[in-house]
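J.: Okay, here's the prediction I keep looking at, along with the sequence it came from:
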Amino acid sequence: MPRRDPAIPDDAASRIAAWQRRAGRHGLPWQHTRDPYRVWLSEIMLQQTQATTVVPYYERFLTLFPTVVDLADAPQDAVLRAWAGLGYYARARNLHRCAQALRDEHGGRFPATAADLAQLPGIGPSTAAAVAAFAYGERAPILDGNVRRVLARYFAIEGDPATARTARRLWSHARALVDAAPADLDMAAYTQGQMDLGATVCTRTRPDCARCPLSPDCRARIEGRQGELPTPRARRAQPLRHCWMLIAECEGRVLLERRPDTGIWGGLWALPQFEDEAALEAVCAGLAAAGPPLSLASIEHVFTHFRLRIQPLWLRIPDDAPTPAEANQAWVGIGNLADHGMPAPVARLLDGLYDGTPLPR
DNA sequence: GAGTCGTGGTC
DNA sequence: TGACCAAGACT
């Protein structure tokens, strides 16, 4: 039995739950269900992703894969195609692996506790707790970006949020807040309430303390330190990397290449990519084009830890020329490009080149 | 335990 | 407009 922290008011969690029922968010499509499949799917998509971005993907997934077994039975390529554009593609690969594990080792059903959920691929401690709280009412604390901000202010917890030390403190307080609450705490409303508070009231800039149920005993508010908590994460300068991408076109088809499962854009279809122009031109030499590739306008894509400047080169190949392909490559009709899950900048590149524009002949 | 992994919204 | 970061997990 965890020790109750006397410094934590026993009604703090209940205030959050009551506030959620009265003033929290209620219209999101994954709310008001206890179906663990829907809860799990939404929680995976919502990792590091804002709710409004997730909505259309979530609904499309439920149409394509109505049950977890449908998802498990689908080819990985179909799952990645449906995920394309949402980012962090390891989530999609782990989602698929998790569905297969549930089908093959759990009779197609979800484990009934957060501890068992956390053993599955792609389900970490926070996602496991969220699924258990929403689907089963388990008293398991979550710790996502919203909760980190709310707790860092309420308890005045300092420290770089990226360090394990700060994470341990935050988890400890998240657990203590639940443990201090009465037995009848509405876990679904409480869990949702913490996230809603962080998303709509206890925002990064200009928190609206007048509308916050934690305001009376919030240490950051009492000490006037809302602006300096949570401690902003130390950030390094983002290096700028360059790459070249080949748009080889022949008879209305484009050469795509499936990326390896590990690394950036793992498992997605993309354009053949090169670290320098010479490597790209060496490949062009083997493609029997009539002339040299044509430079298109370069684009810049921003990742979390670097920026990538992409120089696309367009190579037209005569109709009667051979079009060799490696095992991980395919010549894809321009009308069928959308059938292939592609990274956002590659999709934008090809859209700009081909969307509605008849091919010059 | 720090680095890696996307994309888009917000101010 | 560029910094900041969002319902984090994995290695």
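T.: Okay, I see it.
J.: Now do the residue in chain A that DNA strand C sits nearest to: how many residues are near it, please.
T.: Closest residue of chain A to DNA strand C, CB to the nearest atom of the strand: A:G124 (2.3 Å). (Glycine included, C-beta is placed from N, CA and C.) Per other CB atoms under 10 Å, the neighbour tally for A:G124 reads 12.
J.: And the pLDDT at the residue nearest to it when sequence neighbours are not counted?
T.: Nearest non-adjacent residue to A:G124, counting by CB to CB, 6 or more residues apart in numbering: A:A118, 6.7 Å away. The score at A:A118 is 98. That number is its pLDDT.
J.: Likewise for the one 3 residues further on?
T.: With respect to pLDDT, A:P121 has a value of 98.
J.: wait, doesn't it sit right on A:A99?
T.: No. The criterion here is CB atoms under 8 Å, and A:P121 misses it with A:A99 at 9.5 Å.
J.: So the two - more neighbours on which side?
T.: The neighbour comparison of A:P121 against A:A99 (other CB under 10 Å) goes to A:A99, with 27 against 14.
J.: wait, doesn't that one sit right on A:A72?
T.: Yes. Using CB under 8 Å, A:A99 makes contact with A:A72 at a distance of 3.9 Å.
J.: Contacts only, for A:W171.
T.: The contact partners of A:W171, by CB atoms under 8 Å, 6 or more residues apart in numbering, come to A:125, A:141, A:143.
J.: Am I right that it falls within a strand?
T.: No. Counting by DSSP: H, G, I helix; E, B strand; the rest coil, A:W171 is not found in a strand; it is helix.
J.: mind listing the helices for the stretch 51-200 of chain A?
T.: Assigned helices in the stretch 51-200 of chain A, in chain order: A:51-64, A:68-73, A:76-83, A:90-105, A:114-117, A:125-136, A:145-154, A:164-179, A:187-196 (criterion: DSSP state H, counting those that start in this stretch).
J.: ok, is the last one in contact with DNA strand B or not?
T.: When you say that, I think you mean helix A:187-196. No. Shown here: helix A:187-196 not in contact with DNA strand B (CB under 7 Å from any atom of the strand), separated by at least 14.9 Å.
J.: Can you show me the helices along the stretch 251-361 of chain A?
T.: A:277-285, A:344-354.
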